[in-house]
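In: I would like the atomic coordinates for the input below:
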Amino acid sequence: MNEREQERQTVRLLVRAREDFQDMRKRMDNRIGRKADGDDQDLENADKRVIAGDDKLMFGGIADAAHEQEAAIEKELKKVLKRFPVYTEFLKGVKGVGPIAAGWIVGEYDIQRADTVSKLWQFTGLNPGMVPGRKRVEDGEGESHYELTGVMVRGDKLTPGHVAPFNKRLRTALAGVMCDGFIKAQNEYCMKYYYPMKARLEQSDGMVAEISKAGAKPKDVAWKEAKKAHRHRAAIRYMLKMFLRDLYVAWRTIEGLTVREPYAAEYLGKKHAA
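Out: Numbers count the residues shown, from 1 in each chain. As a prediction, this is how the structure comes out:
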C-alpha cells in the first residue's frame, strides 16, 4: 500500500468512526426519548420509556460523550483532508460540501482507477444500465471472494442473490445528505441543475415506471403525473451526476491524469441528459 492509499485509508477510517459515534448517539437519544437538541421527544406510549431522573442523566451523558467524539473526529478529519489537493483546490470551494462529504469522496473514490466519469457514476449507484451481477462466495477458510453470476443486473438497484453493484453507504452520504446541503445552500449545482431538471420533469410527457403503493407492480406514468418525491429524487440524481462530472475533471487534472468524455459522448456522440 503506497503513501497516498494509506492517507485515503486514514480518511476512510475517520469518516466511518464518526459515523459509528453518531449512530450510537442517535440510538441512545432515541432510547431515552431525547431529541438531538436535548428536548424530550413527543412520543406515543411515552410511559414505556420512563427512566429515573438520575439514570436518564447518566444515559444522556453517554450520548453527549459520543457527540463530543464526533466533533473531535471531524476536527482531525479537517486536518487530514488538507493533505489532498482535490480538497484544498476544489471540494473546499463548493458550498454544501462539508468535511464529512469530502471525507466520503476522498476516502471512497479511487481517482487513479476511475479513468472515466461513468465509473464514478456506477460506483455511486447512478447508472440505471445493466451490469454483470456478482455474488460473494465463502471459501471455507473464513475468507470470501466475488464471482460473476452470469446474470445482468441494474447498476443502480439491489438484486436478490447478488451483492450491491455500487457503494450503498457512499450513495446515501452524497445523494441523501450532501445533495440536501446543496439545496439548503442554494449553490451553483442546485440552481443550474436541480431546479431546471425538476421544472422540466413537471412538464414532461416522457414515461417512467412508478410504484403507486407498497407491494404494487410498477406502472408507466408520465413524468408530469409522477409523484413529487419521484421527480425530486430524479433531479437530485441529475445534480449529483453533474457534480461528479466536475469532480472527475478537476481531480484527474490536479493529479495529472488523462480526462475523458463519458462513454456515450466519446463513442456515440451523445450529450448527457437525465
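In: so which elements touch the host helix or strand of Leu247?
Out: Element membership of Leu247 [criterion: DSSP states H and E] is helix 228-254. When contacts are defined as 3 or more CB pairs under 8 Å, 6 or more residues apart in numbering; DSSP states H and E, helix 228-254 packs onto helix 85-89, helix 117-123, helix 179-185, helix 188-189, helix 195-202, strand 207-210. (C-beta placed from N, C-alpha, C; glycine too.)
In: between helix 195-202 and it, find me the angle.
Out: 140 degrees (axes from the mean of the first three to the mean of the last three CA atoms, to 10 degrees).
In: pLDDT weak spots in this protein?
Out: 37-38, 40-53, 262-274 (pLDDT under 70).
In: strand partners of the lengthiest strand in it, parallel vs antiparallel please.
Out: Ranked by number of residues, the top strand in the chain under DSSP state E is strand 144-154. The strands beside strand 144-154 in its sheet (DSSP bridges) come out as strand 130-138 (antiparallel).
In: of the helices and strands packed on helix 228-254, which is nearest Trp223?
Out: Closest approach to Trp223 among the helices and strands packed on helix 228-254 is made by helix 195-202 (4.4 Å; CB to CB).
In: contacts for the closest one?
Out: Contacts to helix 195-202, defined as CB atoms under 8 Å, 6 or more residues apart in numbering, come from residues 223-224, 226, 231-232, 234-235, 238-239, 274.
In: how about stretch 122-141?
Out: 108-109, 114, 118, 121, 144-156, 159, 161-168, 170-171, 174-175, 237, 240-241, 244.
In: same thing but 7 Å
Out: 109, 121, 144-149, 151-156, 159, 161-163, 165-167, 170-171, 174, 237, 240-241, 244 (CB atoms under 7 Å, 6 or more residues apart in numbering).
In: buried ones in the helix holding Leu247, by neighbour count?
Out: Of all the residues in helix 228-254, those buried under the rule 16 or more other CB atoms under 10 Å are 230-231, 234-245, 247-248, 250-252.
In: same question, stretch 169-187
Out: Those would be 170-171, 173-175, 178-179, 181-183, 187, for stretch 169-187 by 16+ other CB under 10 Å.
In: any chance of those in CSV, with distance to Gly33 too?
Out: Conversion of those to CSV gives the following (distance: CB to CB, whole Å):
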residue, distance to Gly33
Leu170, 32
Arg171, 31
Ala173, 28
Leu174, 32
Ala175, 31
Met178, 30
Cys179, 31
Gly181, 28
Phe182, 33
Ile183, 30
Asn187, 36
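In: what's the neighbour count on Glu141?
Out: Per other CB atoms under 10 Å, the neighbour tally for Glu141 reads 6.
In: the residue nearest to Leu244 when sequence neighbours are not counted: what's it in contact with?
Out: Closest residue to Leu244 apart from its sequence neighbours, by CB to CB, 6 or more residues apart in numbering: Leu120 at 4.8 Å. By CB under 7 Å, 6+ apart, Leu120 lies in contact with 109, 114, 244, 248.
In: let me have these in a markdown table, extended by distance to Val97.
Out: As requested, those are exported to a markdown table (distance: CB to CB, whole Å):
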| residue | distance to Val97 |
| --- | --- |
| Tyr109 | 13 |
| Ala114 | 18 |
| Leu244 | 12 |
| Tyr248 | 15 |
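In: so how far is stretch 66-84 from its chain's centroid?
Out: Relative to its chain's centre, stretch 66-84 lies at 19 Å (CA atoms, centre = their mean, to the nearest Å).
In: typo on my end, stretch 213-228
Out: 24 Å.
In: run through who's touching it.
Out: 201-212, 231.
In: end to end on it, go ahead and measure it.
Out: 14 Å (CA to CA, to the nearest Å).
In: name the residues of that stretch that are buried.
Out: 223, 226.
In: ok, now stretch 197-207?
Out: Buried-residue list, stretch 197-207, by 16+ other CB under 10 Å: 197-198, 200-201, 204.
In: tell me the one of the residues you listed nearest Lys26?
Out: Lys198 (30.1 Å).
In: roughly how far does the closest one sit from Arg237?
Out: Counting by CB to CB, to the nearest Å, the gap from Lys198 to Arg237 is 11 Å.
In: what do you get for Leu174?
Out: Leu174 is 10 Å from Arg237, by CB to CB.
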